[in-house]
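Enquirer: Fold the following.
(chains A and B)
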Amino acid sequence: MAIIAFLVSAIKFGMVLLFGSTGETITEKAGHLNLGLPGVMCVGTAVGCAAEAFYFELAGGRAYMVYPLAILIPLIATLLGGALMGLIFSFFTVTLHANQNVTGLALTTFGIGISDFIIANVDDYKFTAGAKFFNMHLPFAKSLGWFGELFFSYGIMIYLSIAVAIVVAFVLKKTKVGLHLRAVGENPATADAAGINVTRYRYMATCIGCAIASLGGLVFIMDYLNGNWEYVIDAIGWLCVALVIFTTWKPVFGIFCSIVFGFFYVAAEYIPGIDLAAKELFKMLPYLVTIVVLVFTSIRNKKENQPPASLGLSYFREER
Amino acid sequence: MRDVKQTKDVPQTDAVVENVKRRHEPLIHITKRNQMSMLHAVLLRVGAIVCSVIVMALLILVLAKENPFTVLASMIEGVFGDPRRIWRLFSNTAILLCIALALTPAFKMKFWNCGGEGQILVGSLMAAALMFFIGDSIPLPILWILIFITSIVAGAVWGLIPAIFKAKWNTNETLFTLMMNYIALQLVTFFLKMFGNSQGNLDPMPQFAFPKIFNGSYFLNILVIALICVAMYIYLGYSKHGYEISVVGESERTAKYIGIRVPKVIIRTMLISGGLCGFVGMLLVANGSCSVTTTITGGQGFTAILVSWLGKFNPLYMILTSFLVIFLQQGTSYMGDIYRLDTSLADIFIGIVLLFIIGCEFFINYKVNFRKKASDVTAGKEAVH
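Expert: Residues are numbered from 1 along each chain as shown, chains lettered A, B, ... in the order given. The predicted structure follows:
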């Protein structure tokens, strides 16, 4: 049954990454390369955990916390925290035309500081109490053997991540809003000439993207780590940035890709008979695979697999 | 221009024009500035730093409930308090400056080398590995020469790999170099787990360190990097290579048209960039901790991107910006120790200062024009009539 445990763990970790990459995909489709993602995820997650601790106080203890609220409150807080960071990023890059790489990196430093500060001032046990709600799965999962284990043994957030990826893919591909968003990311000047409000689309895409990405951090802490805070969310943020390339900017394909990433990431823990040092070499795999994908897509040069054409460039209407 | 035209209009239609204009002209209109006077630009930047200090003071008051003046004064104390701290300030500034210098040629070429971190790490790894494996069996000077060569080569190779793919297939270099950081990080972790002690650390090997000049390792860093800074200034501003780099950065098509071989420039520049990062890695090990850890770079590969950009890719300005960043780092960490503030405040403060400076660049490059009030316009017109 070790193989099932391995797959379950890989899928769980993969879905953490899926939130992050789906969020970043939305942002990048609008032409913004948000390297502040690690900072954004840190802040969103810390705010979510703080909200869970607040709810713990409000309810009057572990015993009084109830199901939907214990998930909804941190969920909404995380969305707001992430969106706020996205707002800062887009204010600098859209309104002030600042360089996106530089702003993103500054925002990462800033965000890591903020999240550390929040967590240092919140009692761990208060948000750890909420973890069981995130872990809660369907009651019949265990009775279905390996099948139940593999498909039904996850908390609600894991399914939510898949749902979000599908919805985002649909919106991007099939709706007018998605078409406009992609136009803004490919060629903002043309989009502007066609009457699309470039500024509004870029603001919205960045804020919504950051909000969704932040959920990845929340799931990582509350579900994957059972509510134990660990200072690795920024590394996960970078992994999400890498995953976006691996998915070639397609959220539904991202479901598969994120599981593959999760697979590589946890593989070292489950392969019997390898020592600690070799495990570290295994952890290189997600990054190596990303590079291979990056190189492969650029060599094949197929139109639909390319990054948005104006990715990373600020748009100033009066500049030719 | 527009005002001149309107004065030529027949007076009766003035009101109509005015009405239309008010309805369609946006409240705020942004134009690009041609050139801002040096003094004005400097004042704006100083203003941004003052603003960020005010925000910091407010944060100290609200979050830590301390007197912000004494806390901020302790920052100065922490940086300039005694000769050792001052030496460390300048040495750390030099190191950060050197990384920024390494990244600058790539940035000027619009090649976003976010891989400084990894290029430094492999340089450090090579230095530490040579010390560990063959340090005992060969004479010191030869060891130093070997370390010098291999560290630079390792860093250069780490920069070369993304450069080749960028030059040949236009592979996105930002993401490629970011990934290379993690591969370097895992290599170091692997090395430490394989050959380190039971805690996963490599015991320092001070017997192989570079010779100490004056008090400690600081002077060598400062001297060497000052030379590199001048050399880089000349290389970028007054050499054929420097010219080619800026042409490729401005427009690849122009570069092609005037006969510059773009792939060659990209690869050559990244070799320099990566090699110099590897050199810093060597300094951090052979003239520093004499060991390697996964945190040896302290995120400076990323910080240097900001330093380089804020210094407008000019090596001389970058001395100032790297000084500012190190001043903040050292000051806030001392402040945190003295007042038992949370260590995270240091990150927050640095982030705030950087964001303020990034934000103020906008006001240097662009001009914000507000829509003129109707009364102002008519007043102006009467004066003309």
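Enquirer: Could you list which residues are in contact with B:Val230?
Expert: Contact criterion CB atoms under 8 Å, 6 or more residues apart in numbering or on different chains gives B:Pro315 as the residues in contact with B:Val230. No exception for glycine: its C-beta is placed from N, CA and C like everyone else's.
Enquirer: ok, now with 10 Å
Expert: B:Val230 makes contact with B:315-316 under the criterion CB atoms under 10 Å, 6 or more residues apart in numbering or on different chains.
Enquirer: isn't there a strand covering it?
Expert: No: B:Val230 sits outside any strand when classified using DSSP: H, G, I helix; E, B strand; the rest coil, being helix.
Enquirer: Which strands or helices does the lowest-mean-pLDDT helix or strand in chain A pack on?
Expert: Taking mean pLDDT, DSSP states H and E as the measure, helix A:145-152 is the helix or strand of chain A with the lowest mean score, a mean of 79. Packed against helix A:145-152 by the contact rule (3 or more CB pairs under 10 Å, 6 or more residues apart in numbering or on different chains; DSSP states H and E) you find helix A:2-29.
Enquirer: is the helix it packs on anywhere near chain B?
Expert: No: remark: helix A:2-29 sits outside contact range of chain B, by CB under 10 Å from any CB of the partner chain, the gap being at least 10.5 Å.
Enquirer: so how far is that helix off the chain centroid?
Expert: When C-alpha coordinates are averaged (CA atoms, centre = their mean, to the nearest Å), helix A:2-29 and its chain have centres 8 Å apart.
Enquirer: For it, name the packing helices and strands.
Expert: Counting contacts by 3+ CB pairs under 10 Å, 6+ apart, the secondary-structure elements packed against helix A:2-29 are helix A:37-59, helix A:67-90, helix A:145-152, helix A:156-174, helix A:176-186, helix A:198-219, helix A:233-246, helix A:251-270.
Enquirer: what's the angle between that helix and helix A:198-219?
Expert: Here helix A:2-29 points in a direction 160 degrees away from that of helix A:198-219 (axes from the mean of the first three to the mean of the last three CA atoms, to 10 degrees).
Enquirer: In helix A:2-29, which residues are buried?
Expert: By neighbour count, with 16 or more other CB atoms under 10 Å in any protein chain shown as the criterion, the buried positions of helix A:2-29 are A:6-29.
Enquirer: Taking their axis directions, it and helix A:145-152 sit at what angle?
Expert: Compare the direction of helix A:2-29 with that of helix A:145-152 by the same axes, to 10 degrees and you get 10 degrees.
Enquirer: Now helix A:2-29: average pLDDT?
Expert: Helix A:2-29 shows a mean pLDDT of 91.
Enquirer: and the residue most central in space within chain A, what is it in contact with?
Expert: Closest residue to the average C-alpha location of chain A: A:Gly20 at 1.2 Å, with CA atoms, centre = their mean. With contact taken as CB under 10 Å, 6+ apart, A:Gly20 is in contact with A:37-38, A:40-41, A:161, A:209, A:212-217, A:219-220, A:233, A:236-244, A:254, A:258.
Enquirer: which ones among these come in contact with chain B?
Expert: Near chain B, taking CB under 10 Å from any CB as the test, the members of the contacts of A:Gly20 found are A:238-239, A:241-242, A:244.
Enquirer: Need these in TSV (columns: neighbour count).
Expert: As requested, those are arranged in TSV below (neighbours: other CB atoms under 10 Å in any protein chain shown):
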residue	neighbour count
A:Trp238	20
A:Leu239	28
A:Val241	25
A:Ala242	26
A:Val244	29
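Enquirer: Return the closest of those with respect to B:Leu328.
Expert: A:Trp238 (23.8 Å; CB to CB).
Enquirer: Please name the nearest non-neighbouring residue to that closest one.
Expert: Distances taken as CB to CB, 6 or more residues apart in numbering or on different chains place A:Pro38 nearest to A:Trp238, at 5.8 Å, with adjacent residues excluded.
Enquirer: dump the residue contacts of the one you found.
Expert: Taking CB under 10 Å, 6+ apart as the test, what A:Pro38 contacts is A:20, A:104-105, A:107-109, A:111-112, A:115, A:213, A:217, A:233-241.
Enquirer: PyMOL command for the buried members of these?
Expert: Buried members of the contacts of A:Pro38, defined by 16+ other CB under 10 Å, are picked up in PyMOL with:
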select buried, chain A and resi 20+104+105+107+108+109+111+112+115+213+217+233+234+236+237+238+239+240+241
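Enquirer: Show me which residues of the stretch 201-350 of chain B are close to chain A?
Expert: By the rule CB under 10 Å from any CB, the part of the stretch 201-350 of chain B lying against chain A is B:299, B:302-306, B:308-310, B:332, B:341-350.
Enquirer: Low-confidence stretches in the chain?
Expert: Since you didn't name a chain, this refers to chain A. Low-confidence regions of chain A, defined here as pLDDT under 70, cover residues A:1, A:141, A:320.
Enquirer: my bad, chain B
Expert: Across chain B, the stretches falling below the confidence threshold (pLDDT under 70) are B:1-24, B:215, B:372-385.
Enquirer: Can you give me the domain assignment for it?
Expert: Domain ranges of chain B: B:26-66+B:341-385, B:83-339, per automatic domain parsing.
Enquirer: Buried residues, whichever strand or helix holds B:Gly237. List them.
Expert: With the criterion set as DSSP states H and E, the secondary-structure element containing B:Gly237 is helix B:218-238. Neighbour counts using 16+ other CB under 10 Å place B:218-222, B:225, B:228-229, B:232-233, B:235-236 of helix B:218-238 among the buried residues.
Enquirer: Report the distance from it to the chain centre.
Expert: 16 Å.
Enquirer: Pull up the residues of the stretch 51-200 of chain A that are close to chain B.
Expert: Those residues of the stretch 51-200 of chain A that sit near chain B, judged by CB under 10 Å from any CB, are A:88, A:91-93, A:95-121.
Enquirer: with the ones next to chain B among the contacts of A:Gly20 in mind, which one is nearest to B:Pro139?
Expert: Within these, the smallest distance to B:Pro139 is 42.1 Å, found for A:Trp238 (CB to CB).
Enquirer: Which stretches in the stretch 101-250 of chain B count as helices?
Expert: B:116-134, B:140-169, B:173-195, B:218-238, B:240-250 (DSSP state H, counting those that start in this stretch).
Enquirer: From chain A, how far off is the closest residue to B:Lys110 other than its chain neighbours?
Expert: With CB to CB, 6+ apart as the criterion, B:Lys110 has its nearest non-adjacent residue at 4.6 Å, and that residue is B:Gly249. As judged by CB to the nearest CB, to the nearest Å, B:Gly249 and chain A stand 14 Å apart.
Enquirer: Now do the residue positioned nearest the centre of chain B against A:Leu138, distance only.
Expert: In chain B, the residue lying closest to the centroid (CA atoms, centre = their mean) is B:Val307, at 2.3 Å. Separation of B:Val307 from A:Leu138 (CB to CB, to the nearest Å) stands at 53 Å.
Enquirer: Name the SS class of B:Ile30, please.
Expert: Look at B:Ile30: counting by three-state DSSP, its state is strand.
Enquirer: re earlier: tilt between the helix holding B:Gly237 and helix B:240-250?
Expert: 70 degrees.
Enquirer: So what's the residue count around B:Ile49?
Expert: Burial measure for B:Ile49: 14 neighbouring residues, criterion other CB atoms under 10 Å in any protein chain shown.
Enquirer: what sits against it?
Expert: Contact analysis of B:Ile49 by CB under 10 Å, 6+ apart lists B:324, B:353, B:356-357, B:360.
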